[in-house]
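Peer 1: Provided below are the primary sequence and the corresponding predicted coordinates.
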Amino acid sequence: MESAAKNKIAALVVLMKVLKLATSNTQVSDMGLGAMFERLYSKLAQSPRLADTVLEMVYEVLGVMAEYYPEAMLPQSSCLLRLFLQELHSQVCACVRACARACLHFPK
């Protein structure tokens, strides 16, 4: 894994921990979750340029934001759900196609 990806992953892990710990004593408006969402969402638009592990962490941070700050994420809820479902659909379809092709030559 390249150094830039390791740094991004480390930063996203810290961000997740801060988001989890700050739920009880921080005003949601003070955290700038809307801007944070927009920044992470724009990172997903660059997904071909992101390492898979970084992409995985971005999705996980968005999930943490939705879990711990649902009221702040409400305006983006349909966008967030659509994003998660599209990625899931893409990954599952690719795995099923690959499995079907492998089973042609390696049936069990």
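Peer 2: Great, that's in hand. Numbers count the residues shown, from 1 in each chain.
Peer 1: Going by C-alpha atoms from here, please, whenever you check contacts or count neighbours.
Peer 2: OK.
Peer 1: Now Tyr69. Its backbone dihedrals?
Peer 2: Torsion angles at Tyr69 (phi, psi; degrees, to the nearest 10) stand at phi -130, psi 60.
Peer 1: What score does it have for pLDDT?
Peer 2: For Tyr69, the pLDDT comes out at 89.
Peer 1: burial measure for it, as a count.
Peer 2: Neighbours of Tyr69 under the rule other CA atoms under 10 Å: 16.
Peer 1: now it: how far from Ser90?
Peer 2: From Tyr69 across to Ser90, the span is 27 Å (CA to CA, to the nearest Å).
Peer 1: in the protein, what secondary structure element scores lowest on mean pLDDT?
Peer 2: When the helices and strands of the chain are compared on mean pLDDT, DSSP states H and E, helix 28-31 comes out lowest with a mean of 70.
Peer 1: Can you show me the CA trace of stretch 23-43 as PDB?
Peer 2: C-alpha atoms of stretch 23-43 as PDB (Å, rounded to 0.1, in the frame of the first residue of the first chain):
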ATOM      1  CA  THR A  23     -21.800  12.400  20.200                       C
ATOM      2  CA  SER A  24     -22.600  13.200  23.800                       C
ATOM      3  CA  ASN A  25     -20.800  16.500  24.300                       C
ATOM      4  CA  THR A  26     -20.700  18.300  21.000                       C
ATOM      5  CA  GLN A  27     -23.300  20.300  19.100                       C
ATOM      6  CA  VAL A  28     -23.800  18.800  15.700                       C
ATOM      7  CA  SER A  29     -23.900  22.200  14.100                       C
ATOM      8  CA  ASP A  30     -20.400  22.900  15.500                       C
ATOM      9  CA  MET A  31     -18.900  19.800  13.800                       C
ATOM     10  CA  GLY A  32     -19.800  20.900  10.200                       C
ATOM     11  CA  LEU A  33     -21.100  17.500   9.300                       C
ATOM     12  CA  GLY A  34     -22.700  18.800   6.100                       C
ATOM     13  CA  ALA A  35     -19.400  20.100   4.800                       C
ATOM     14  CA  MET A  36     -17.700  16.900   5.900                       C
ATOM     15  CA  PHE A  37     -20.300  14.800   4.000                       C
ATOM     16  CA  GLU A  38     -19.800  16.900   0.900                       C
ATOM     17  CA  ARG A  39     -16.100  16.400   1.000                       C
ATOM     18  CA  LEU A  40     -16.300  12.700   1.500                       C
ATOM     19  CA  TYR A  41     -19.000  12.400  -1.200                       C
ATOM     20  CA  SER A  42     -16.700  14.300  -3.600                       C
ATOM     21  CA  LYS A  43     -13.900  11.800  -2.700                       C
END
